[in-house]
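# please work out how this folds:
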Amino acid sequence: MIKHGFKRVAACIASVAALVSFAACGTTDDSTAASDTKTADFDVSAVKKDDAIAKMVPDSVKDAGKLTVGMELSYAPAEFLEADGKTPTGYDVDIATAIGNLFGVKTQIVSATFDTIVPSVGSKYDLGITAMTITEEREKAVDFVSYYNAGSMWVVQKDNPKKVDEKNLCGTKIAVQTGTIQADEANAIKEQCAADGKKAVEVLSYQRQADAATNVASGKADAFYADSPVGGYAIEQSDGALEELGSIQDTTLQGIAIKKGDTQMAEAVQAAVQHLMDDGTYTKILKAWGVESGAIDKAEINPTDLD
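You can find the predicted model right below:
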């Protein structure tokens, strides 16, 4: 089970009421420089340029002097906005900033909805780092460098007043984020319930994960389904309004998305992530956000073992 002791940070979801405001915090297709300030326990600005890795970086990034990274900024604790509504924060933001530092360039976060990120890698931005599960389908569109391992979690209102059973979800309203693996699975459950002639499932799909959490907390939806770090963080920040249902399921690798066929960029990113793993920076970042249970020790380009 993933630990729920996520460190509290200045975020927009410190309570149920704040969950509602958090849903409005994100922006779309806005470019924002990643903060060089420290997280709860780790100062990312301590990561400096590595000359060997910097030599591997494509000229387009070197010449621009920046690494642009697409993120869906309402997916705490992976990536979200600080209380000012402008500054990106989270463990993905820290990892992206650390990669840019190793490259010798600034990291610029580009906020976008999750389902638009894969099609935009290589055009709107250099990388997509947004708690994205590596799948065979996505690998047809982009290349990946693995960097984290996460499962899926069901979350309901405290004490489960609607008596949701994760083993029998027919007749429930399931909230998910559009374009996620969990959205695919929720729709598969919907189809199976219909095929079995059981009570209908209603899948409520939202562009931002915060909306899914908010609508469960308010009772509009019966449960939401999300990556385990995200579900755990939402519970921790909900002031007792939410709780985990059942246990974490289907642990799989997540990856950094890179333009398909851009071998130079993929190798540079792989070298940078492996460097962060080997020197301990990666672990320090994850511990700062309370998500070290998902750590891996090897960064691979298009890993074949996705379980």
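# low pLDDT regions in the stretch 201-307 of the chain?
306-307 (pLDDT under 70).
# can you give me the helices in it?
With DSSP state H, counting those that start in this stretch as the criterion, the stretch 201-307 of the chain has helices at 209-217, 228-236, 263-278, 281-288.
# would you mind writing the CA trace of the longest one as CSV?
Just to be clear, that refers to helix 263-278. Extracted in CSV, the C-alpha atoms of helix 263-278 (Å, rounded to 0.1, in the frame of the first residue of the first chain):
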residue,chain,number,x,y,z
THR,A,263,16.9,9.1,-30.5
GLN,A,264,19.2,11.9,-29.5
MET,A,265,16.7,13.5,-27.1
ALA,A,266,15.6,10.1,-25.7
GLU,A,267,19.2,9.1,-24.9
ALA,A,268,19.9,12.5,-23.3
VAL,A,269,16.8,12.2,-21.1
GLN,A,270,17.6,8.6,-20.2
ALA,A,271,21.1,9.6,-19.2
ALA,A,272,19.8,12.5,-17.1
VAL,A,273,17.2,10.5,-15.3
GLN,A,274,19.7,7.7,-14.6
HIS,A,275,22.1,10.2,-13.3
LEU,A,276,19.5,11.6,-10.9
MET,A,277,18.7,8.0,-9.7
ASP,A,278,22.4,7.1,-9.2
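# what is it packed up against?
Helices and strands touching helix 263-278, by 3 or more Cβ pairs under 8 Å, 6 or more residues apart in numbering; DSSP states H and E, are helix 51-54, helix 91-103, strand 142-157, strand 242-259, helix 281-288. The C-beta positions use only the backbone N, C-alpha and C, and glycine is treated the same way.
# JSON lines for the helices of the stretch 201-307 of the chain, including distance to residue 127?
Listed next are the helices of the stretch 201-307 of the chain as JSON lines, based on distance: least, Cβ to Cβ, whole Å:
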{"stretch": "helix 209-217", "distance to residue 127": "20"}
{"stretch": "helix 228-236", "distance to residue 127": "20"}
{"stretch": "helix 263-278", "distance to residue 127": "7"}
{"stretch": "helix 281-288", "distance to residue 127": "16"}
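# redo those as JSON lines? Include mean neighbour count and distance to residue 161.
Output for the helices of the stretch 201-307 of the chain, formatted as JSON lines (neighbours: other Cβ atoms under 10 Å; distance: least, Cβ to Cβ, whole Å):
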{"stretch": "helix 209-217", "mean neighbour count": "28", "distance to residue 161": "11"}
{"stretch": "helix 228-236", "mean neighbour count": "26", "distance to residue 161": "16"}
{"stretch": "helix 263-278", "mean neighbour count": "20", "distance to residue 161": "43"}
{"stretch": "helix 281-288", "mean neighbour count": "20", "distance to residue 161": "34"}
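# quick one: which of those is nearest residue 67?
Residue 67 lies closest to helix 263-278 among these, at 9.5 Å (Cβ to Cβ).
# the residue nearest to residue 139 when sequence neighbours are not counted - how many residues pack around it?
Residue nearest to residue 139 in three dimensions, not counting chain neighbours: residue 302, with 5.9 Å by Cβ to Cβ, 6 or more residues apart in numbering. Residues contacting residue 302 under the criterion other Cβ atoms under 10 Å number 17.
# can you name the residues that contact residue 302?
By Cβ atoms under 8 Å, 6 or more residues apart in numbering, the contact list for residue 302 reads 134, 139, 143, 144.
# how about low-confidence regions in the stretch 1-150 of the chain?
In the stretch 1-150 of the chain, residues with pLDDT under 70: 1-41.
# strands of that one, residue ranges please.
30-33, 66-71, 80-81, 88-89, 106-111, 127-133, 142-157 (DSSP state E, counting those that start in this stretch).
# as a markdown table, these with mean neighbour count and distance to residue 269 would be great.
Shown next, in a markdown table, are these (neighbours: other Cβ under 10 Å; distance: least, Cβ to Cβ, whole Å):
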| stretch | mean neighbour count | distance to residue 269 |
| --- | --- | --- |
| strand 30-33 | 14 | 20 |
| strand 66-71 | 25 | 10 |
| strand 80-81 | 26 | 23 |
| strand 88-89 | 25 | 19 |
| strand 106-111 | 22 | 12 |
| strand 127-133 | 26 | 7 |
| strand 142-157 | 24 | 5 |
